[in-house]
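Visitor: Next comes the sequence, and after it the predicted model I'd like to discuss.
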Amino acid sequence: MNTYAVIETGGKQYRVEKGTSLLVDRLSAKEGEKVALRVVMFRDKEVVLGAKDLEKVKVEATVAEHLRGEKIKVFKYKPKKGYRRRAGHRSELTKLEVTEVKLLSRKPAATKEEKPEKPAAEKKPAAKKEPARKAETKPAAKKEAAKKPAAKAKKPAAKKPAAKKTTAAKKPAAKAKKAPAKPASSTKSAAKKD
């Protein structure tokens, strides 16, 4: 029975064995670099699926080359509407060659950044400085709090209501226009009588 693993990269899963080469979405690693791949499943004599057990599985691959896939043509079309769009793209790919697929006997050590420890004499003065810093920050917080109510005290000026226009001014103007029209008709009727 062959030893193989299922790895995940770029949101896709691939079945790999030692010596397998595969094309995956572009990785940031340079050509020739080794890449550790995320394992989803491992099969040797038994199937390993648990998250704690999968931490012991090691799948390594080297980046063979970076290349581009075939051009994919995209054509959008809506009948009787005059809508046609052509586009295309080429996927950015990375070719990987799997060099190692194995189950480690123990969990790999986590890499931690080690910080240099300070002597005990330096730690004590630092503890004394902390209360002084707290005292300095409290008055500053009170000053900011004092400013906030002042900002809320400002209110926008009240708008004055607009003066209402009376309709009485419009009515006499309308009557004035009608008045000259009547005499014109009366003169015509007078002219007909003559």
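Guide: In hand now; what should we look at?
Visitor: Which positions within the host helix or strand of residue 63 qualify as buried?
Guide: Take DSSP states H and E as the rule and residue 63 turns out to sit in strand 57-78. For strand 57-78, the neighbour count (16 or more other C-beta atoms under 10 Å) marks 57, 58, 59, 61, 62, 63 as buried. C-beta here means a position set from N, CA and C on the backbone, and glycine is covered the same way.
Visitor: what about residue 98, which helix or strand?
Guide: Per DSSP H and E: residue 98 is located in strand 83-103.
Visitor: Can you give the strand pairings for that strand, parallel or anti for each?
Guide: Applying DSSP bridges to the sheet, strand 83-103 is found paired with strand 21-25 (antiparallel), strand 57-78 (antiparallel).
Visitor: Packing partners of the helix or strand just after the first one?
Guide: Once the chain leaves strand 21-25, the next helix or strand it forms, by DSSP H and E, is strand 34-36. Counting by 3 or more C-beta pairs under 8 Å, 6 or more residues apart in numbering; DSSP states H and E, the packing neighbours recorded for strand 34-36 are strand 57-78.
Visitor: Residue 5 - how many residues pack around it?
Guide: Neighbour count of residue 5, defined by other C-beta atoms under 10 Å: 26.
Visitor: tell me which element it falls in.
Guide: Per DSSP H and E: strand 4-9 holds residue 5.
Visitor: Check which strands are paired with the helix or strand just after that strand and give the direction for each one.
Guide: Using DSSP H and E, the helix or strand that directly follows strand 4-9 along the chain is strand 12-16. Strand 12-16 has its sheet partners listed here by DSSP bridges as strand 4-9 (antiparallel).
Visitor: In this protein, what helix or strand scores lowest on average pLDDT?
Guide: helix 120-153 (a mean of 54; mean pLDDT, DSSP states H and E).
Visitor: related to what we said a few turns ago, closest one of the buried residues of strand 57-78 to residue 20?
Guide: residue 61 (8.5 Å; C-beta to C-beta).
Visitor: I'd like to know how many residues surround the closest residue to the closest one other than its chain neighbours.
Guide: Leaving aside its sequence neighbours, residue 61 sits nearest to residue 96 (C-beta to C-beta, 6 or more residues apart in numbering; 4.2 Å). Residues near residue 96, counting by other C-beta under 10 Å, number 25.
Visitor: Surely residue 35 and residue 61 touch.
Guide: Yes. The criterion here is C-beta atoms under 8 Å, and residue 35 meets it with residue 61 at 5.3 Å.
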